[in-house]
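Visitor: When you get a sec, could you give me coordinates for this:
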Amino acid sequence: MARTSGLHAFTVQEATNYEAYTSWNHQTADVSGDSVAVTSTYITAANPAKKVVIYSRGGAVDAADSITITLNGESGTGKPIIVDGENLPFTITGLTITSLSFTIPDGETDADEVIDILSFH
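Guide: Here you go, the predicted structure:
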């Protein structure tokens with residue numbers, strides 16, 4: 001019996017084409033303030049992403065900048081992804097991403113910290 005969730009819901013050709021991207025978007029987030037919250041404006045249910053790369057473009061994004069990523073609106077216990085700033089770039093792939101947001105509640109205010117979100121649709 002065939003499964004009807006995830007990549008198994010697609011035909012073989014559709015599953016192969018899932019790795020093909022038709023468009024991409026770039027968003028810049030200034031995270032130099034204290035307790036910054038960012039939501040991607042390009043990743044929506046109507047325009048889901050197949051791959052997302054989060055990377056630091058400038059400034060002093062470091063281990064003290066603990067980045068909490070929430071995918072697809074899931075905010076229950078144990079569901080966020082926590083990445084130290086020194087571990088960027090961070091790539092998310094292998095699932096359909098309908099929303100992406102992240103917070104940096106580090107309590108520090110560093111000048112010129114910039115994080116970019118590159119999404120492939």
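Visitor: what's the lengthiest strand in the chain packed up against?
Guide: The single longest strand within the chain, with elements called by DSSP state E, is strand 49-58. Strand 49-58 sits against strand 90-97, strand 100-104, strand 114-120, with contacts defined as 3 or more C-beta pairs under 8 Å, 6 or more residues apart in numbering; DSSP states H and E. C-beta: built from backbone N, CA, C; applies to glycine.
Visitor: Direction included, what does that strand pair up with?
Guide: The pairing partners recorded for strand 49-58 under DSSP bridges are strand 90-97 (antiparallel), strand 114-120 (antiparallel).
Visitor: Which is the succeeding secondary structure element to the worst-scoring helix or strand of the chain on mean pLDDT?
Guide: Least confident helix or strand of the chain, by mean pLDDT, DSSP states H and E, is helix 12-17 with a mean of 64. Toward the C-terminus, helix 12-17 is succeeded by strand 24-30 as the next helix or strand (DSSP states H and E).
Visitor: how far is the helix or strand just after that next one from where the chain is centred?
Guide: Remark: after strand 24-30, the chain's next helix or strand is strand 36-39, criterion DSSP H and E. Offset of strand 36-39 from its chain centre (C-alpha atoms, centre = their mean, to the nearest Å): 11 Å.
Visitor: ok, residues contacting strand 36-39?
Guide: 29, 30, 31, 99, 100, 101, 102, 103, 104, 115, 117 (C-beta atoms under 8 Å, 6 or more residues apart in numbering).
Visitor: go again using 10 Å as the cut-off
Guide: Contacting residues not belonging to strand 36-39 are listed as 27-31, 54, 65, 67-70, 99-106, 109, 113, 115, 117 [C-beta atoms under 10 Å, 6 or more residues apart in numbering].
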